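A.B. asks: below are the sequence and a predicted model for it; my questions follow.
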Amino acid sequence: DTTLGALGQRSGVRIGTAVDMAALADDAPYRAKAASEFSSVTPENVMKWEVVEPSRGRYDWKEADKLVDFARANGQLVRGHTLLWHNQLPSWLTTGDFTADELRAILRKHITDEARHFKGRIWQWDVVNEAFNDDGTLRDSIWLRKLGPGYIADAFRWAHAADPKAKLFINDYNIEGVNAKSTALHDLVVKLRKQHVPIDGVGIQGHLSVQYNAPHDIAENMKRFDALGLETAITEADVRVPMPSDSTEQEAQAEGYDVLLRGCLLTRKCTDFTVWGFTDKYSWVPGTFEGEGAANLYDENYRAKPAYSALRDDLLLA
Ligand SMILES: OC[C@H]1CNC[C@@H](O)[C@@H]1O[C@@H]1O[C@H](CO)[C@@H](O[C@@H]2O[C@H](CO)[C@@H](O[C@@H]3O[C@H](CO)[C@@H](O)[C@H](O)[C@H]3O)[C@H](O)[C@H]2O)[C@H](O)[C@H]1O
């Protein structure tokens, strides 16, 4: 079996994908590939707060439960995404006028109820997502403004209390290499560990573009977290190209994926390499980066691209 998932097993690294639940329901080739190629899955949207609690106190786990059942049926582990973020929050929360104590109680209940609902069925949780700015300062958000920087430690304590077996991660983007943001995150993790906050890992998203240099110092960066005894994971890898893409760009794209995966393979406690979608047919990129796209391993007809071969070759050599 030379699927990426099977090859990853030889190196003790799960190879995963973000899953679009509408495509999983309606697109048979998508479902078949998602089931066979990968050894872990992440919900692209259906575990986010706006989806699981559209109105206060009314939970909707339907789509998220479907993904967990799908993963179980295919021997895959699930990365939960995400308990706490500044985006995709329900409108009752963003429009509500809550005191700091009320907001804190609301956040605690959300993290507790969601982690408890999936207790024992989630391998790794992205507990806190995108808490930093690129300059290394904490991102201004409803959480920082009303609860102060301590909200991060509290989120981990609440998640751990609700599901002690789940591995708890802090996740962010533009932290692939050694820079102000990855260093600030490193320093925060050192502090949290000193406070005995139950944090287990760091998620490095890995959203790249062929128009920027690939992060060749990624192994040096990831080793810093290894040295702290933390797990790491590449959680949202994709490499976007200017459209229409040509063979040169596809080769540059393959190099981007290669640099990310080799960073993981060179890091002792990197346990997962997840792509943020695997086919150009379904991707967040064109809707966000004008004129860019085709960021995934397979084209819109599920034909493997050079990026796919680059990952397979890395895993075969590992
Ligand atoms: O932005 C890329 C990454 C960055 N890191 C964190 C990670 O969580 C994030 O993922 C992206 O996060 C984005 C939101 O920030 C997601 O985009 C949302 O994806 C949702 C589900 O498809 C969209 O919601 C649908 O919108 C439709 C039209 O507006 C409505 O008809 C649907 O009812 C509604 O579900 C939102 O508009 C759209 O903004 C992308 O699919 C998802 O790939």
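C.D. replies: The structure has been received and is ready for your questions.
A.B. asks: all the helices of the stretch 51-200 of the chain, residue numbers only.
C.D. replies: Shown for the stretch 51-200 of the chain, the helices assigned by DSSP state H, counting those that start in this stretch span residues 62-73, 91-94, 100-117, 142-147, 151-162, 180-194.
A.B. asks: the ligand is nearest to which of those helices?
C.D. replies: Proximity to the ligand (CB to the nearest ligand atom) singles out helix 62-73 among the helices of the stretch 51-200 of the chain, at 10.2 Å. For glycine as for every other residue, the C-beta is placed from the backbone atoms N, C-alpha and C.
A.B. asks: and the closest one, which residues are buried?
C.D. replies: Residues 63-64, 66-68, 70-71 are the ones in helix 62-73 that count as buried (16 or more other CB atoms under 10 Å).
A.B. asks: hang on, the earlier thing: could the helices of the stretch 51-200 of the chain go into JSON lines alongside distance to R268?
C.D. replies: Output for those, formatted as JSON lines (distance: least, CB to CB, whole Å):
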{"stretch": "helix 62-73", "distance to R268": "26"}
{"stretch": "helix 91-94", "distance to R268": "39"}
{"stretch": "helix 100-117", "distance to R268": "27"}
{"stretch": "helix 142-147", "distance to R268": "32"}
{"stretch": "helix 151-162", "distance to R268": "23"}
{"stretch": "helix 180-194", "distance to R268": "17"}
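A.B. asks: dump those helices into TSV; add distance to the ligand and mean pLDDT as well.
C.D. replies: Below are these laid out as TSV (distance: least, CB to the nearest ligand atom, whole Å; pLDDT from 0 to 100):
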stretch	distance to the ligand	mean pLDDT
helix 62-73	10	98
helix 91-94	13	98
helix 100-117	15	98
helix 142-147	15	98
helix 151-162	16	98
helix 180-194	14	98
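A.B. asks: just say which of the ones you listed is most tucked in.
C.D. replies: Most buried of the helices of the stretch 51-200 of the chain by mean neighbour count (mean count of other CB atoms under 10 Å) is helix 151-162; its value is a mean of 21.
A.B. asks: for the residue of the stretch 51-200 of the chain found nearest the ligand, give me the pLDDT.
C.D. replies: Taking CB to the nearest ligand atom, the ligand has its nearest neighbour within the stretch 51-200 of the chain at N87, 4.7 Å off. pLDDT for N87: 98.
A.B. asks: give the contact list for it.
C.D. replies: Going by CB atoms under 8 Å, 6 or more residues apart in numbering, N87 touches 48, 130.
A.B. asks: all strands for the stretch 1-150 of the chain, in order.
C.D. replies: Assignment of strands within the stretch 1-150 of the chain using DSSP state E, counting those that start in this stretch yields the ranges 14-19, 40-43, 77-84, 124-129.
A.B. asks: pipe those into a markdown table and attach distance to A153 per row.
C.D. replies: Supplementary listing: the strands of the stretch 1-150 of the chain in a markdown table, determined by distance: least, CB to CB, whole Å:
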| stretch | distance to A153 |
| --- | --- |
| strand 14-19 | 27 |
| strand 40-43 | 24 |
| strand 77-84 | 12 |
| strand 124-129 | 10 |
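A.B. asks: go ahead and confirm T3 touches K33.
C.D. replies: No. Counting by CB atoms under 8 Å, T3 does not reach K33; the two are 9.6 Å apart.
A.B. asks: okay, now the nearest residue to A18 once chain neighbours are set aside: neighbour count?
C.D. replies: Ranked by CB to CB, 6 or more residues apart in numbering and with sequence neighbours excluded, the top spatial neighbour of A18 is E44, at 4.3 Å. Neighbour count of E44, defined by other CB atoms under 10 Å: 23.
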